[in-house]
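# Just the structure for this:
(2 chains)
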Protein chains: 2
Amino acid sequence: MRITEIRERTVSLSAPMRNASISFGAMTASAVAVTTDVIRNGKPVIGLSFDSPGRYGHGGLLRERFIPRILEADPEDLLTLDGNNLDPHRVWNVLMRNEKAGGHGERCGAVGLLDCAVWDAVAKIEEKPLWRVLSERYCGLSDQIRVPVYASGGHYRDHDDLAHLHDSISRSRDLGFTKFKIKFGGLPLEDDLRRVETAISAVQSSSDLAIDCNGTWSGSQLEEMAARLSPYQLGWIEEPVHPLDYELSRAFASQYKGPIATGENIFSADDTLNLLRYGGLRPDRDILQMDVSLSYGLVEYLRIVELAEQHGWSRSNCIPHAGFLLAFNVVAGLELGRHETSMSGSFALYLPTTDGYVRPDEAPGVGYERSPIFRAIFSEL
Amino acid sequence: MRITEIRERTVSLSAPMRNASISFGAMTASAVAVTTDVIRNGKPVIGLSFDSPGRYGHGGLLRERFIPRILEADPEDLLTLDGNNLDPHRVWNVLMRNEKAGGHGERCGAVGLLDCAVWDAVAKIEEKPLWRVLSERYCGLSDQIRVPVYASGGHYRDHDDLAHLHDSISRSRDLGFTKFKIKFGGLPLEDDLRRVETAISAVQSSSDLAIDCNGTWSGSQLEEMAARLSPYQLGWIEEPVHPLDYELSRAFASQYKGPIATGENIFSADDTLNLLRYGGLRPDRDILQMDVSLSYGLVEYLRIVELAEQHGWSRSNCIPHAGFLLAFNVVAGLELGRHETSMSGSFALYLPTTDGYVRPDEAPGVGYERSPIFRAIFSEL
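Below is the predicted model:
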């Protein structure tokens, strides 16, 4: 078998919203299709993948470097020993040929897209859902898989911000969500606290609410933030400080007793190791949020989970950033803590929710074909 | 004044050589031209830049993200207060609009190319060489600027490796070089030591020779490497361990007394700070080699030098990686320790050398127009 074609299309994710650090007005994402010559149900198997949002599409890097590297490789180098399927670990090694160490940004997203499309193809060739492939290989299959999810959103809006915030949480509750996350740190503190209280008024318990600060706090703010936020007993405080300032992370963890989450801007096992070594995080309560497809894909994410476990973390404290259906399969298959889904915008509706859980189905691969939104995106590839 | 056009061309740097970590068979680099409507000598000023080698070109990222971001910005946002020149610091802020923190790879090279082309234009508009602009702004001009240089090469070759190594050092000596660097770590230790001894036989003193390990040593090798290499009293040992493994860096620094150099795969002030905090390096002897154009350009490199000085380093221990004529201007203008130039391939010949020094001239900008090789590259843009 072999890969016959790889295509990429850059899709606009433009939205009239911002968090504490960036605006999403010009945001893009890449959709990728890896076509094989394996026939299932009378058609060639096509592996699909889609960017996590926030870091822009990866079309340029894919076309100039990583797609040619796969297509020009000896097809044998990409396969399992028996030659009947792609081996994502061998594909990954080909993708990273002649890449220097360090500098984990951008290329990790490009590599991740190809890796995730390969995993989709691998599962389709096995005629299983990806979550089941992962569960069999890395987890030991549970009988009754159901995936805890949470609804993430609460970005700042220029008009009717508080009403919109309350509304979007209420709508997510109506859809079956029980846990929520909103943005924080983009307004003066009193205004931000008013948003937190508005959100709490829409949820069952304040611990059902997490806040995402997008890495914006300075050292001089930490004490006040810890003091003002502690009484709420929130689900977690996400990315309070710059993702690479491990000393600031350590300082906040020493002042704030509740759960801290971070990792969506840490894109490799190398950088994860430094965060675990120096960041002062506490494995018994804090949460690691490395993004699967932005972090060189599932092959590297498996290394990240292993590293976390070696440092005393349980899989339930691994909650990947975003990642749509791909991350959903990974959370289900590796039995991670929770899956993040967006409460704002049409991507919210790709999964049916009951009492905060989603039950995965048995259709093969990641399941993009079963989502109208993703069917539309990939049909134009 | 305004920027009227920005072009990029990806150039092959393919060479039949390898270091301990990668082969250069498919290596590329980007050439960038930023055209302004300012007229000097009857023609529009065009700012030029060229990638440092080793990390591939940045054409895709430039075209899909960073060039449009400059061209779509309000032209006022790119200028000095008096509107007579570009302000590289303001251009940089526009380039990094709506970019999340962390993930310093690839985009830092794309941003760096635009930043460096802007600096070329800034100096041309001032009708001064870039080194003099930098010297006036950040250094206080010395009367007699001469730049210490070294010749870098000694990559592994499949045929006649030792003879080729001796030959290329001898040819570089004939060109006026007195300090040299060769690759190390890509062969069994005894073979690599034979290369070191071959190289030493071609130089004046063993301290004129440095070795570059390209980040390949594991923890179990450190003690043996320190013991076997100490007797040579080499100029420096470069990138002995993985660039982001600060614990391994600390371990080697505790075992090896001589100078250690690292930083070419650290692409930001954020990551530099972590290296300085955790890497165990010694400001009195070790060398920081962050690459100017791969690290978000000169605006960020100025922050990196400032950070190093705050941590007790002198500018003479800052020796940027590669960077061709751009890095040469930066070394001259900021009075850094030394400029790296390649001993293999045609790029070696862009500077006339005497007794290990190069005297910069007074032609405006970076000076690409005075190099036949770069004239050829940029003429096709």
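
# could you pull out the strands for chain A?
For chain A, the strands defined by DSSP state E occupy A:3-12, A:28-40, A:43-50, A:147-152, A:180-183, A:209-212, A:237-238, A:260-262, A:287-288, A:339-342, A:357-358.

# now check the fourth one, is it near chain B?
No - where contact is defined by C-beta under 8 Å from any C-beta of the partner chain, no part of strand A:147-152 touches chain B; the two come within 15.5 Å at best. (Each C-beta comes from the backbone N, C-alpha and C, glycine too.)

# what's next to that strand, contact-wise?
For strand A:147-152, contacts defined as C-beta atoms under 8 Å, 6 or more residues apart in numbering or on different chains pick out A:169, A:172, A:175, A:177-181, A:210, A:212, A:322, A:328, A:331-332, A:337-343, A:348, A:351, A:353, A:356-360.

# okay, the strands of chain A in a markdown table with mean neighbour count and mean pLDDT next?
Output for those, formatted as a markdown table (neighbours: other C-beta atoms under 10 Å in any protein chain shown; pLDDT from 0 to 100):
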| stretch | mean neighbour count | mean pLDDT |
| --- | --- | --- |
| strand A:3-12 | 17 | 93 |
| strand A:28-40 | 20 | 93 |
| strand A:43-50 | 22 | 91 |
| strand A:147-152 | 22 | 95 |
| strand A:180-183 | 24 | 96 |
| strand A:209-212 | 24 | 98 |
| strand A:237-238 | 27 | 98 |
| strand A:260-262 | 25 | 98 |
| strand A:287-288 | 25 | 98 |
| strand A:339-342 | 24 | 92 |
| strand A:357-358 | 18 | 94 |
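
# of all those, which lies closest to residue B:90?
Smallest distance to residue B:90 across the strands of chain A (C-beta to C-beta): 24.7 Å, for strand A:28-40.

# chain center to the closest one: distance?
For strand A:28-40, the separation from the chain centroid amounts to 20 Å (computed by C-alpha atoms, centre = their mean, to the nearest Å).

# correct me, but residue A:203 touches residue A:210?
No - counting by C-beta atoms under 8 Å, residue A:203 does not reach residue A:210; the two are 10.5 Å apart.

# Now list whatever residues contact both of the two.
residue A:180.

# check contacts around the residue in the stretch 151-300 of chain A that chain B sits nearest to.
Among all residues of the stretch 151-300 of chain A, residue A:265 sits closest to chain B, at 3.4 Å; criterion: C-beta to the nearest C-beta. Counting by C-beta under 8 Å, 6+ apart, residue A:265 touches A:215, A:239, A:243, A:244, B:100, B:101, B:102, B:103.

# again, 10 Å this time
By C-beta atoms under 10 Å, 6 or more residues apart in numbering or on different chains, residue A:265 lies in contact with A:21, A:54-55, A:105, A:214-215, A:239, A:242-244, A:271, A:289-291, A:294, A:321, B:100-103.

# Ramachandran angles for it?
Backbone torsions of residue A:265, given as degrees, to the nearest 10, read phi -110, psi 30.

# Excluding chain neighbours, give the residue nearest to residue A:374 in space.
Computed as C-beta to C-beta, 6 or more residues apart in numbering or on different chains, the closest residue to residue A:374 that is not its neighbour in sequence is residue A:368, at 3.9 Å.

# Tell me, what's the model's pLDDT at the one you found?
We note a pLDDT of 90 for residue A:368 in this prediction.

# try the one 3 residues further on
Predicted confidence (pLDDT) at residue A:371: the value is 86.

# Just give the nearest non-adjacent residue to it, would you?
Nearest non-adjacent residue to residue A:371, counting by C-beta to C-beta, 6+ apart: residue A:350, 4.4 Å away.

# right, and that neighbour touches residue A:367 too?
Yes - counting by C-beta atoms under 10 Å, residue A:350 touches residue A:367, with 8.7 Å between them.

# Looking at those two now, which is surrounded by more residues?
residue A:367 (25 against 19; other C-beta atoms under 10 Å in any protein chain shown).

# circling back to that earlier point, would you check how far apart the residue nearest to residue A:371 and chain B are?
24 Å (C-beta to the nearest C-beta, to the nearest Å).

# Contacts only, for that residue.
Counting by C-beta under 10 Å, 6+ apart, residue A:350 has contacts A:324-325, A:328, A:341-342, A:358, A:367-368, A:370-374.

# switch to 7 Å and redo it
Residue A:350 sits next to A:324, A:325, A:371, A:373 when contact means C-beta atoms under 7 Å, 6 or more residues apart in numbering or on different chains.
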